[in-house]
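Asker: What follows is a predicted structure for the sequence shown.
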Amino acid sequence: MKSQVVVITGASSGIGRETALLFAKKGARVVVAARRQGALDQVVAECEELGAEAIAVVTDVSVSSDVERLTAIATARFGRIDVWVNNASVAAFGTLDEVPEADFRRVLDVNIMGYVFGARAALGAFRQQGSGVLVNVSSVLSEVPYPYLVSYSMSKAATSALNSALRQELAISRLKKVHVTSVLPSTIDTPFYGNAANYLGRVAVPPPPVYPVKPVAKAIVHAAAHPEREIVVGRAGRQLVRLHRAAPNSLDKQMAALGAATRKSGRTGIEPTTNTLFEPANNAVSVSHGNWHGPSRLAKRRALTFAAIGVAGALVARSALRAR
């Protein structure tokens, strides 16, 4: 990745921040984009400490002119774009009828149209160069939807459709050196859950087990250097995807039970809030982690999840035997 030019959206915290730092360690030239100038400046400073060139561009990915400006600044500074990572995403916790229409639309706007605008910008640059890699950070929830995250799950399923359609268009155009790859993280320990809009009446608790952020950043960097169709990060996520494709009805029941149990575990008395859905956080702090990865907490949630997966797996096996 040395001297490659990499654009990363949603780079002010979480997966985007960790990915920017890992690309910097590899010698890439990094363009970080998000809505918070102060947090982006912190990421740039850390990238420069690692010996990399880096710039920050304040961007709301749901605004096409912002993404066009991001592209123009990146190419003006570095002359090209080799890798584009669509990562900026938002969420709203609550049932379908609890989440207000404006919040629901905002999630779809950022997570779907933001990726569309990023893909258009990236592919425009790649076509001129004849090469490039677009990495779309999706989620295991694109395959295995989760209760209380309806709009987010829908948006990530749309990302999968976008990726497949783009690969087909590239095949028609015979652009063999332009690649589109999907990275599907399992539940990751980032500030995502604390930043999401929340209509649960409780603290939004991530579905277990919760994995550290670094393996996702490693998967993204790997995908940029060695493009694959799809990379699922996290053992539980890989197992869930396989089970859902084999026996969706059985797994849906297990996910419903897991969602109900997880919702009950959050602290009560939380007033409805949009959090950072429409406006960025009013701070300049950039962090990768959300403090959901404590050892005892992790062990308890991992046990709960693999118990659910085990039940679902048994149901799949029983269904297969009956089919014979």
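Answerer: Everything's here; your move. Keep in mind the model is a prediction, meaning the values are calculated, not measured. Residues are numbered from 1 along each chain as shown.
Asker: Okay, now the unreliable bits of this structure?
Answerer: The chain contains residues with pLDDT under 70 at 266, 284, 290-291, 293-324.
Asker: residue ranges for the helices of it, please.
Answerer: Using DSSP state H, the helices of the chain run over residues 14-25, 37-49, 64-78, 101-108, 114-129, 150-173, 192-195, 214-225, 235-246, 248-264, 295-323.
Asker: Quickly compare those helices and say which is most buried.
Answerer: Of these, the one with the most neighbours on average (mean count of other C-beta atoms under 10 Å) is helix 14-25, at a mean of 26. In this view, the C-beta of every residue, glycine as well, is placed from N, C-alpha and C.
Asker: Off-centre distance for that one?
Answerer: Centroid displacement of helix 14-25 relative to its chain, using C-alpha atoms, centre = their mean, to the nearest Å, is 13 Å.
Asker: Spit out the contact partners of residue 289.
Answerer: By C-beta atoms under 8 Å, 6 or more residues apart in numbering, the contact set of residue 289 is 189, 190, 191, 212, 213.
Asker: if you set the cut-off to 10 Å instead, what comes out?
Answerer: By C-beta atoms under 10 Å, 6 or more residues apart in numbering, the contact list for residue 289 reads 13, 14, 17, 18, 188, 189, 190, 191, 212, 213, 214.
Asker: List just the nearest of these to residue 164.
Answerer: Nearest to residue 164 among the contacts of residue 289: residue 188, at 23.7 Å, using C-beta to C-beta.
Asker: is that closest one in a bridge, and if so with what?
Answerer: Residues in a beta bridge with residue 188, per DSSP bridges, are residue 211.
Asker: give me the number of residues near it?
Answerer: Residue 188 has 29 neighbouring residues, counting by other C-beta atoms under 10 Å.
Asker: Kindly report the same for residue 281.
Answerer: Neighbours of residue 281 under the rule other C-beta under 10 Å: 17.
Asker: For the nearest residue to residue 122 once chain neighbours are set aside, the count of nearby residues, please.
Answerer: Leaving aside its chain neighbours, residue 122 sits nearest to residue 84 (3.5 Å; criterion: C-beta to C-beta, 6 or more residues apart in numbering). A count of nearby residues for residue 84, using other C-beta under 10 Å, gives 28.
Asker: list the contacts for residue 84?
Answerer: Listed by C-beta under 10 Å, 6+ apart, the contact set of residue 84 reads 5-9, 31, 70-71, 74, 118-119, 121-123, 125-126, 132-136, 224.
Asker: one more time with 7 Å, if that's ok
Answerer: Going by C-beta atoms under 7 Å, 6 or more residues apart in numbering, residue 84 touches 7, 118, 122, 134.
Asker: swap in residue 86?
Answerer: The neighbourhood of residue 86, defined by C-beta under 7 Å, 6+ apart, consists of 9, 115, 118, 119, 136, 137.
Asker: Could you check how far it is from residue 210?
Answerer: According to C-beta to C-beta, to the nearest Å, residue 86 and residue 210 sit 23 Å apart.
Asker: which residues touch the longest strand along the chain?
Answerer: The longest strand of the chain (DSSP state E) is strand 178-185. Defining contact as C-beta under 7 Å, 6+ apart, one finds that strand 178-185 is touched by 15, 126, 131-140, 142, 160, 163, 166-167, 170, 216, 219-220, 223, 227-234, 237.
Asker: Kindly calculate the angle that it makes with helix 14-25.
Answerer: For strand 178-185 against helix 14-25, the angle between stretch directions is 130 degrees (axes from the mean of the first three to the mean of the last three C-alpha atoms, to 10 degrees).
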